[in-house]
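Peer 1: One predicted model, sequence on top.
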Amino acid sequence: MSRLMQLWLLGALLVIGGCLTTGKEEARVIQNAGNATSVCGKKWQLVRLRVNGGTIPIQGPENFTFLCNQDGNVMGRSGVNTYRGELQVTDNGQMLWDTSSFVSTKMGAPPQLLQQEHTYLRALSGTRQAFTKSRGKRLILRDASGEIYIEYVRAGP
């Protein structure tokens, strides 16, 4: 068999082999629009904060939480302080904040912790969409452009 024919057969085998599957499908990440049932009634803990497309390093992310109830009350920890307000999550994942209801305690802390808290609270109040993924174990809050992106994991059962 000529060298050219051997190379052609080898190439054909590589193409055919690449088209075959091993029977394992990669798990697809499915992101669903959140609603009051999938977002509220659970405690969420911060894992990632992005603002203006850049990741913000968070010291002590376990101290940043988000919790809302079916009545529209939202509360949580923002690092040093606690916050609360009112929020409506629609069936298509839109978040409607009552910004006049948003309040936070004012305990003191080192400037770098207060700055990260301020960044978090400002980002949180700028979110307009809620999504769940990983079978409801992760919550994404973001603005329409994606410049603000807050990701939480469910804390507890």
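Peer 2: Arrived safely.
Peer 1: Over to Thr119. Which of the three states is it?
Peer 2: With DSSP: H, G, I helix; E, B strand; the rest coil as the basis, Thr119 sits in helix.
Peer 1: So it is in contact with Gly54, correct?
Peer 2: No. Using CB atoms under 8 Å, Thr119 makes no contact with Gly54, being 11.0 Å away. To be clear about C-beta, it is placed using only N, CA and C from the backbone, and glycine gets the same treatment.
Peer 1: Settle it for me: which of the two has more neighbours?
Peer 2: Comparing Thr119 with Gly54 by other CB atoms under 10 Å, the one with more neighbours is Thr119, at 16 against 9.
Peer 1: List the contacts of the nearest residue to the more buried one once chain neighbours are set aside.
Peer 2: With CB to CB, 6 or more residues apart in numbering as the criterion, Thr119 has its nearest non-adjacent residue at 5.8 Å, and that residue is Ile56. Shown in contact with Ile56 (CB atoms under 8 Å, 6 or more residues apart in numbering): 49-50, 116, 119-120.
Peer 1: Going by neighbour count, which of the residues you listed are buried?
Peer 2: 49-50, 116, 119-120 (16 or more other CB atoms under 10 Å).
Peer 1: Spatially, which two of the residues you listed are the most separated?
Peer 2: For the buried ones among the contacts of Ile56, the maximum inter-member distance is 13.4 Å, found between Arg50 and Gln116 (CB to CB).
Peer 1: on that earlier part again, so which of the buried ones among the contacts of Ile56 comes closest to Gln31?
Peer 2: For the buried ones among the contacts of Ile56, the nearest to Gln31 is Arg50 (15.6 Å; CB to CB).
Peer 1: ok so the closest one is a helix residue?
Peer 2: No. Counting by three-state DSSP, one finds Arg50 to be strand, located in no helix.
Peer 1: Next one: Gln45 from Gly34, what distance?
Peer 2: 16 Å (CB to CB, to the nearest Å).
Peer 1: neighbour count winner among those two?
Peer 2: Gly34 (25 against 18).
Peer 1: Now for Trp97: which residues touch it?
Peer 2: 85-87, 125, 127.
Peer 1: likewise Ala144?
Peer 2: 128-129.
Peer 1: rerun at 6 Å
Peer 2: Arg128 (CB atoms under 6 Å, 6 or more residues apart in numbering).
Peer 1: any idea which element it lies in?
Peer 2: Per DSSP states H and E: Ala144 is located in neither a helix nor a strand.
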